[in-house]
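# got a predicted model here, sequence first, then my questions.
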Amino acid sequence: MITDITPVILTYDEEPNIARALERLSWARDIVIVDSGSTDRTRAIAEAHPRVRFFERPFDDFASQWNYALTGTGIRSAWVLALDADYILSQELIDELVGLSPAPEVCGYRASFVYYIDGSALRGSLYPSSVVLFRRDRGRYEMDGHAYRLRLEGEVGRLKGTIGHDDRKPASRWKRSQWAYARQEALKLSRARWAELSWADRLRLVPFASVPAVTIYCGVIKGLFFQGRAGRIYSGQRIYAEVVLGVCRCLRLIGRGEGP
């Protein structure tokens with residue numbers, strides 16, 4: 001099975017992350033990277049790996065980048081392993097890929113994540129599980145607010161092995177990204193019908209209502225306030241993201257733009 005999988009990574013200025021991600025992909029015969037115009041050493045680091053094929057495409061949205069990766073880069077394998085540059089495969093998951101033998105009706109596999117802050121693993125997070133391994137000819141991406149969604153035809157299984165999420169990019173870039181994400185989420189919420197929304201998004205319809213909920217869930221229920229510096233940083237990040245979304249919701253509701 002593992003010889004019929006092509007890892008695919010989207011990148012943009014991922015110098016702090018890409019080498020660690022590629023270290024766990026030494027088993028792959030072919031690795032595809034689609035870059036959005038990095039200005040750091042992302043390309044140089046990636047192309048030092050003997051099996052990387054590097055493509056550049058101007059960024060319009062994540063779904064278009066992923067669909068280009070699937071159809072425009074000459075991938076020949078039946079399966080694709082869709083990764084971010086800050087994803088680190090566990091050895092357990094790699095071993096699982098070696099022995100995987102999917103039934104014909106199975107079109108993909110979902111994996112769970114372990115979230116890291118500066119290399120320290122958290123005991124829990126809000127980061128959801130997602131489909132990372134799928135049959136290339138049965139998947140297509142669509143945008144969903146600031147995020148993107150993979151549409152698959154067929155059954156989805158679950159991998160036992162986990163993937164680490166360990167982003168080492170500067171905090172300043174993370175904060176800029178939150179404003180971009182929040183603007184898109186605020187637009188999505190303003191256009192969505194009630195029945196289409198998750199309970200969390202229904203809560204976000206009221207600006208700032210999600211802030212205390214996330215504070216209690218991350219800090220107390222997940223216990224991250226008591227997991228040292230890493231837990232407090234992560235909780236602070238999630239609270240900050242909800243505050244930013246609340247600001248963008250207010251600005252959209254009063255028709256005064258969408259923040260920085």
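That came through fine.
# now the helices: where do they sit in the stretch 151-260 of the chain?
Counting by DSSP state H, counting those that start in this stretch, one finds helices in the stretch 151-260 of the chain at the ranges 171-191, 199-204, 210-216, 228-253.
# same deal with the stretch 1-150 of the chain?
Secondary structure of the stretch 1-150 of the chain (DSSP H, counting those that start in this stretch): helices at 18-23, 42-47, 62-71, 91-99.
# I'd like these as a markdown table, with mean pLDDT appended.
Output for the helices of the stretch 1-150 of the chain, formatted as a markdown table (pLDDT from 0 to 100):
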| stretch | mean pLDDT |
| --- | --- |
| helix 18-23 | 98 |
| helix 42-47 | 98 |
| helix 62-71 | 96 |
| helix 91-99 | 97 |
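# Ala195: which of those is closest?
Ranking those by their distance to Ala195 (criterion: Cβ to Cβ) puts helix 62-71 first, at 22.8 Å. All C-beta atoms are positioned from the backbone trio N, CA, C, and that covers glycine.
# which of the residues in that closest one are buried?
By 16 or more other Cβ atoms under 10 Å, the buried positions in helix 62-71 come out as 62-63, 65-70.
# got it, and stretch 121-134?
So stretch 121-134, judged by 16+ other Cβ under 10 Å, has buried residues 122, 124-125, 131-134.
# between the residues you listed, which sits nearest Ser36?
Val132 (20.0 Å).
# hmm, back to that, turn the helices of the stretch 1-150 of the chain into TSV, including distance to Ile221.
Below are these laid out as TSV (distance: least, Cβ to Cβ, whole Å):
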stretch	distance to Ile221
helix 18-23	30
helix 42-47	37
helix 62-71	30
helix 91-99	27
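# pLDDT wise, what is the residue nearest to the spatial centre of the chain at?
By Cα atoms, centre = their mean, the chain has its centre lying nearest to Asp84, at 5.9 Å. Note on Asp84: pLDDT of 97.
# ok, it - contacts?
By Cβ atoms under 8 Å, 6 or more residues apart in numbering, the residues touching Asp84 are 9-10, 21, 165.
# farthest-separated two in the residues you listed?
The widest separation within the contacts of Asp84 (Cβ to Cβ) is 14.5 Å, between Leu10 and His165.
# low-confidence ranges, this structure, go.
Confidence mapping of the chain against pLDDT under 70 gives the ranges 145-146, 256-260.
# put together a markdown table for the contacts of Asp84, with neighbour count and distance to Val80 on each row.
A markdown table is the format used below for the contacts of Asp84 (neighbours: other Cβ atoms under 10 Å; distance: Cβ to Cβ, whole Å):
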| residue | neighbour count | distance to Val80 |
| --- | --- | --- |
| Ile9 | 25 | 11 |
| Leu10 | 21 | 12 |
| Ala21 | 24 | 15 |
| His165 | 18 | 19 |
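# hang on, the earlier thing: beta partners of the residue nearest to the centre of the chain?
Leu10 (DSSP bridges).
# one step back: tell me the most buried of the helices of the stretch 151-260 of the chain?
The highest mean neighbour count among the helices of the stretch 151-260 of the chain, using mean count of other Cβ atoms under 10 Å, belongs to helix 228-253: a mean of 19.
# just checking, what packs against that helix?
With contacts defined as 3 or more Cβ pairs under 8 Å, 6 or more residues apart in numbering; DSSP states H and E, helix 228-253 has these neighbours: strand 106-117, strand 120-121, helix 171-191, helix 199-204, helix 210-216.
# that older thread, out of the helices of the stretch 1-150 of the chain, nearest to Leu203?
Among the helices of the stretch 1-150 of the chain, if distance is taken as Cβ to Cβ, the winner is helix 62-71, at 24.4 Å.
# Thr6 contacts Ala78, correct?
No: using Cβ atoms under 8 Å as the test, Thr6 is too far from Ala78 to be in contact (9.2 Å).
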